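K.L.:
Generate a structure from the sequence data that follows.
(one chain, ligands or ions: 1)
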Amino acid sequence: MKKILTLHGVNLNMFGKRDPKQYGTITLQEIDARLQSLGKELGAEVECFQTNSEAAMCERIHAAFSEGTDAVLINAGAWTHYSYAIRDALDILTCPVVEVHMSNVHARDEFRHHSVFADIVHGQICGFGVDSYLLALRASMALLPNPGVA
Ligand code: DQA
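P.N.:
Numbers count the residues shown, from 1 in each chain. A predicted model of the protein is given here:
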């Protein structure tokens, strides 16, 4: 069983209520349930964590370093665009990190076009709604060694 940690940042607890044109009406709990059910199919235990506190997010990332997490999926919300603290925390990790966005950030306000994580993550997936997360889970699993398969 691989250990995949999904991190949701600031304001993402409001998915379902917030700007449905960008994010649809799916709630964070539903996103987490979809991830956990796909995880079961793929042989991954998916833990999901959301916080609106930048310090708590950094501390969760630090814990992931010591826990033997196999991969991290992160949608940091607006922190993506300016948080050097979260960037530095992610940069400590040795496992693959995949950046996720529900919306196509490149088709939105200019400040959303830049990610301060872009060059330290394995890759980015944006614009597919909940499928951005599911694709990120598949992509992260494909990066991990699978001793069962020749
Ligand atoms: C987001 C895009 C960010 O620009 C925004 O601040 C969010 C959500 C997304 O999932 O599309 O909070 O990360």
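
K.L.:
When you work out contacts or count neighbours from here on, use the C-alpha atoms and nothing else.
P.N.:
Noted.

K.L.:
Output whichever strand or helix holds residue 135 in CSV, but only the C-alpha positions, please.
P.N.:
Assigned by DSSP states H and E, residue 135 belongs to helix 130-143. The C-alpha trace of helix 130-143 is given here as CSV (Å, rounded to 0.1, in the frame of the first residue of the first chain):
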residue,chain,number,x,y,z
VAL,A,130,-12.2,17.1,-9.4
ASP,A,131,-10.5,15.2,-12.2
SER,A,132,-7.4,17.4,-11.6
TYR,A,133,-7.0,15.6,-8.2
LEU,A,134,-7.8,12.1,-9.7
LEU,A,135,-5.3,12.6,-12.5
ALA,A,136,-2.7,13.8,-10.0
LEU,A,137,-3.2,10.6,-7.9
ARG,A,138,-2.8,8.4,-11.0
ALA,A,139,0.3,10.4,-12.1
SER,A,140,1.9,10.2,-8.7
MET,A,141,1.2,6.4,-8.5
ALA,A,142,2.8,6.0,-11.9
LEU,A,143,6.0,7.6,-10.6
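
K.L.:
what about it, average pLDDT?
P.N.:
Helix 130-143 shows an average pLDDT of 98 in the prediction.

K.L.:
near the ligand, which residues of this protein?
P.N.:
11, 75-78, 101-103, 105, 112 (CA under 6 Å from any ligand atom).

K.L.:
most surrounded residue in the residues you listed?
P.N.:
In terms of neighbours by other CA atoms under 10 Å, the residues of the chain next to the ligand top out with residue 76 at 26 neighbours.

K.L.:
OK, contacts around it?
P.N.:
Contacts for residue 76 were tallied using CA atoms under 8 Å, 6 or more residues apart in numbering; they are 7-10.

K.L.:
any idea which of these is closest to the ligand?
P.N.:
Taking CA to the nearest ligand atom as the measure, the ligand lies nearest residue 10 of the contacts of residue 76, at 6.5 Å.

K.L.:
Count the residues that sit near the closest one.
P.N.:
Using other CA under 10 Å, residue 10 has 18 other residues around it.

K.L.:
Kindly reformat the contacts of residue 76 as TSV containing pLDDT and distance to residue 129.
P.N.:
As requested, those are exported to TSV (pLDDT from 0 to 100; distance: CA to CA, whole Å):
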residue	pLDDT	distance to residue 129
7	98	16
8	98	14
9	98	16
10	98	17
